[in-house]
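[1] Mind looking at a prediction? Sequence and model below.
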Amino acid sequence: MTEGRAVSARDQSARLEQALADNATLRRHASSVAHDFNNLLAVITGYTEMMLKRLRADDPLRRNAEAIKRATEWGSALAQQILSGSRRPAPAPVPVDLNQLVGNVTRVLQPLLGDAIELVTRLSPSLARVSANPHQIGQVIMNLVVNARDAMPNGGRLTIETGNVGQAVMLAVGDTGCGMDDETRARLFEPYFTTKEPGRGSGLGLATVYDIVTQCGGQISVISDAGAGTTFKIYLPRMAATATAAHTSTRPLLPTAGADGKTA
Amino acid sequence: MSSGASRDNDIRQKIETALARRKEAFALGHLAWTADGYTVKFRQGIVDIVRTAVDDGVFKDDARLDTMLDAFAATSGSLAVCRSR
């Protein structure tokens, strides 16, 4: 019996060591890919800057070129984040205006919506700030918007909304697309789970959203029904609440967290 | 042949005239010509409604312009219903 326990502990220890070794290999691999990816982005940025120098101010292609430049800058920040992940902790959070980030993301993604998708934004003019890494929150918005677009291959309405809710700042991204069945909803934030056709989705978008939001101390709720569209609501602690968290630690982030659907 | 800026002004004026005729509650917020067509943004309070890749033929044909504005009005109306709930 005692010997059995000792073998089991040795097995566990060996499994843990293997998992740590796998994790280190994965980090090295991710860093290597991020490094090569960053070099390619530098080439795209270089060519885009050359293009922007030649395009007249009123050229219709100028906006597209500017969107490419902005997207490559974000991509580069993301690659830096992956690279730095294996070397040092993530950059310190700063006050973030979600409305401004929504504006930046929609400016880049707007041309990709096509003529069949209507974009509706309803941004609270008195929105509180959140304490976060703006690149990461931009990534959250981008992933949710791209998902919403992909859920509406035949067109529809993509709605982005912000507002102050209790001690949180809410960001909602909704679509009028195909919605999700119970199985999809249950596996939504699982890494590598995707309903998109091969080559279109990595299955990492929502897993990344989940990681970033929970790291910021936030929550996600999902309202979805097959055929009736999907709305993701992200709740992040507002700046004032974050600053006073030590004094008011029993105060809930949301008055009724998850009352409107599944809360992650 | 009109320049891009004057063509945009003509379209802007045409939309604003149509909005006044239809007594719409929303206003034209932004109009821009891109490589895929026009991006048109209407604004009502804090709500922005945007359509991209709008074919410029829409602005040369009153019936098509009205159809587009009907769609914006429908969205704007449905949002007003949501707000009043």
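    Now that the structure is in, tell me what you want to look at.

[2] Whichever strand or helix holds residue B:31 close to chain A?
    With elements taken from DSSP states H and E, the one containing residue B:31 is strand B:27-34. Yes. Under the criterion of C-beta under 8 Å from any C-beta of the partner chain, chain A is reached by strand B:27-34 at B:32, B:33, B:34. Quick note: C-beta positions are derived from backbone N, CA and C, even for glycine.

[3] what pairs with the first one across the strands?
    Beta-bridge partners for residue B:32, by DSSP bridges, are residue B:39.

[4] From residue A:111, how far out is it?
    Plainly put, residue B:32 is 10 Å away from residue A:111 if you go by C-beta to C-beta, to the nearest Å.

[5] list the residues that contact both of the two?
    Common contact partners of residue B:32 and residue A:111 (C-beta atoms under 8 Å, 6 or more residues apart in numbering or on different chains): A:63, B:39.

[6] Which of these two has more residues huddled nearby?
    residue A:111 (17 against 13; other C-beta atoms under 10 Å in any protein chain shown).

[7] Hmm, residue B:38 and that one touching each other?
    No. Look at residue A:111 against residue B:38 with C-beta atoms under 8 Å: they stay out of range, at 11.5 Å.

[8] shared neighbours of those two, which are they?
    residue B:53.

[9] give me the low-pLDDT residue ranges for the stretch 151-264 of chain A?
    Residue ranges of the stretch 151-264 of chain A with pLDDT under 70: A:192-193, A:197-204, A:240-264.

[10] Do a quick rundown of the strands in it.
    All strands of the stretch 151-264 of chain A, identified by DSSP state E, counting those that start in this stretch, fall at A:156-165, A:168-175, A:219-224, A:230-237, A:262-263.

[11] Could you do chain B as well?
    For chain B, applying DSSP state E gives strands covering B:27-34, B:37-44, B:47-54.

[12] Quick check: which helices or strands does the last one pack against?
    Looking back up the chat, that one is strand B:47-54. Here strand B:47-54 touches strand A:117-122, strand B:27-34, strand B:37-44, helix B:62-84, going by 3 or more C-beta pairs under 8 Å, 6 or more residues apart in numbering or on different chains; DSSP states H and E.

[13] List the contacts of the most centrally placed residue in chain A.
    In chain A, the residue lying closest to the centroid (C-alpha atoms, centre = their mean) is residue A:140, at 2.0 Å. Applying C-beta under 8 Å, 6+ apart to residue A:140 gives the contacts A:171, A:208, A:209, A:212, A:213, A:234.

[14] so the last one makes contact with residue A:163?
    No. Counting by C-beta under 8 Å, residue A:163 is not a contact partner of residue A:234; they are 11.4 Å apart.

[15] neighbour count winner among the two?
    residue A:234 (26 against 18).

[16] Which residue is the nearest non-sequential neighbour of the more buried one?
    Counting by C-beta to C-beta, 6 or more residues apart in numbering or on different chains, residue A:171 is the residue found nearest to residue A:234 once chain neighbours are left out, at 4.6 Å.

[17] Report the beta-bridge partner residues of that neighbour.
    residue A:162, residue A:234.

[18] So what's the residue count around it?
    Residue A:171 has 28 neighbours, counted by other C-beta under 10 Å.

[19] and it, what does it touch?
    Each residue near residue A:171 by C-beta under 8 Å, 6+ apart is listed here: A:98, A:102, A:140, A:141, A:160, A:161, A:162, A:233, A:234, A:236.

[20] and the closest residue to the fifth one other than its chain neighbours, how far is that from residue B:42?
    Just to be clear, that refers to residue A:160. Leaving out its chain neighbours, the residue that sits closest to residue A:160 by C-beta to C-beta, 6+ apart is residue A:121, at 4.8 Å. The gap separating residue A:121 from residue B:42 is 11 Å, by C-beta to C-beta.
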